[in-house]
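*Asks:* Just need the structure, nothing else, for what follows:
(one chain, ligands or ions: 1)
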Amino acid sequence: MSARILDGKAIAAELKDSVKQKVEKMVAEGNRAPGLVVILVGENPASQVYVRNKQNSCEQVGFYSELKRLSVDTTQAELLSLIDELNGREEVDGILVQLPLPGHIDEETVTERILPTKDVDGFHPYNMGRLTLRMPLLRPCTPKGVMTMLEKTGVDLVGKDAVIIGQSNIVGRPMALELLAARCTITICHSKTRDLEEKVRNADIVVAAVGVPKFVKGEWVKPGATVIDVGINRLDDGTLCGDVDYDSAAEHAEWITPVPGGVGPMTVATLLENTLQAAEMHKDA
Ligand code: GUN
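*Replies:* Predicted structure coming up:
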């Protein structure tokens, strides 16, 4: 069997197009365009690429956007005071602090300082709590983007066995909550999990978010499974690869996401969707 490719680039383009049309309508009705401020502390090369992508995408859909570049020695107090200022600015609907932050800044304190209605990353305990209680508001972008992709497959999720590899706050945990809300039976695997391979072998849906190149082997994949690869790793030869051994997994899966061009573009498109949602909430408030 050769898997069908879940084309994140194409689905993200559709999503962006729909956001763009909604922004045009909002503006035509006399409202201001949604506004996003991205804060980058330091010069992490991967973060710089992500932030540039986010800025370009904002421009494409007609958002107002600002990038706040802060030096690596910015204090936590300075960052918190910038967030306070942005929380109070009416034209700012979304505030995104690019992670990781330098070691002297506490990510939890920073995340909690963003107003929950401007938390377009969905990382604030308020938004995570709402997702946990099945009353979601702003949902973390990567898992929400994965749900949009899964919808496109037409695969019925109800009662399916889903295995998530990785327990991070930004992917693994909210991914599990999303799949649970969609009525999957979920298993979250992590570095202490026993018999991980066997768990993957029984999974109808596998989400890999471990950060280890080609960690999931093709022969672990159950015939007909859906394989979602959240990883993006740069190999020594400069090429990019995911957390799944794509070529061998594609021989077993029914659906598979490529890297690049899978989950990555969906995360950015979903950030736009969330910022539009925040702008609509602010408009109606
Ligand atoms: N770093 C890696 N992924 C993300 C993300 O989704 N949001 C933020 N703010 N930082 C990240």
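*Asks:* Identify the residues contacting the nearest residue to G262 once chain neighbours are set aside.
*Replies:* Leaving aside its chain neighbours, G262 sits nearest to G8 (4.2 Å; criterion: CB to CB, 6 or more residues apart in numbering). Where you see a C-beta, it was placed from the backbone N, CA and C, and this is true even at glycine. Shown in contact with G8 (CB atoms under 8 Å, 6 or more residues apart in numbering): 145, 149, 257-258, 261-266.
*Asks:* want to throw those residues into JSON lines with neighbour count?
*Replies:* Shown next, in JSON lines, are the contacts of G8 (neighbours: other CB atoms under 10 Å):
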{"residue": "G145", "neighbour count": "28"}
{"residue": "M149", "neighbour count": "20"}
{"residue": "T257", "neighbour count": "28"}
{"residue": "P258", "neighbour count": "19"}
{"residue": "G261", "neighbour count": "16"}
{"residue": "G262", "neighbour count": "29"}
{"residue": "V263", "neighbour count": "29"}
{"residue": "G264", "neighbour count": "25"}
{"residue": "P265", "neighbour count": "22"}
{"residue": "M266", "neighbour count": "27"}
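*Asks:* Look at the residue nearest to G262 and report its pLDDT.
*Replies:* According to the prediction, G8 has pLDDT 98.
*Asks:* Also A278?
*Replies:* 98.
*Asks:* Give the helix, strand or coil label for it.
*Replies:* Secondary structure for A278, judged by DSSP: H, G, I helix; E, B strand; the rest coil, is helix.
*Asks:* That one contacts P34, correct?
*Replies:* Yes - with contact defined as CB atoms under 8 Å, A278 counts as touching P34 (7.2 Å).
*Asks:* Okay, now the sheet partners of the lowest-mean-pLDDT helix or strand in the chain, with direction.
*Replies:* Lowest by mean pLDDT, DSSP states H and E among the helices and strands of the chain is strand 233-234, with a mean of 94. Applying DSSP bridges, strand 233-234 is found paired with strand 240-241 (antiparallel).
*Asks:* Would you mind putting the CA coordinates of the following helix or strand past the strand it pairs with into PDB?
*Replies:* Downstream of strand 240-241, the first helix or strand assigned by DSSP states H and E is helix 246-249. Extracted in PDB, the C-alpha atoms of helix 246-249 (Å, rounded to 0.1, in the frame of the first residue of the first chain):
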ATOM      1  CA  TYR A 246       8.400   8.700   6.000                       C
ATOM      2  CA  ASP A 247       9.300   6.300   3.100                       C
ATOM      3  CA  SER A 248       8.700   3.100   5.100                       C
ATOM      4  CA  ALA A 249       5.700   4.500   7.000                       C
END
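*Asks:* which of the residues in helix 246-249 are buried?
*Replies:* With burial defined by 16 or more other CB atoms under 10 Å, the residues of helix 246-249 counted as buried are 246, 248-249.
*Asks:* pLDDT of it, averaged?
*Replies:* For helix 246-249, the per-residue pLDDT averages 98.
*Asks:* What number of residues are in the vicinity of the residue in the chain positioned nearest to the ligand?
*Replies:* Closest residue of the chain to the ligand, CB to the nearest ligand atom: L99 (3.6 Å). Neighbour count for L99, taken as other CB atoms under 10 Å: 16.
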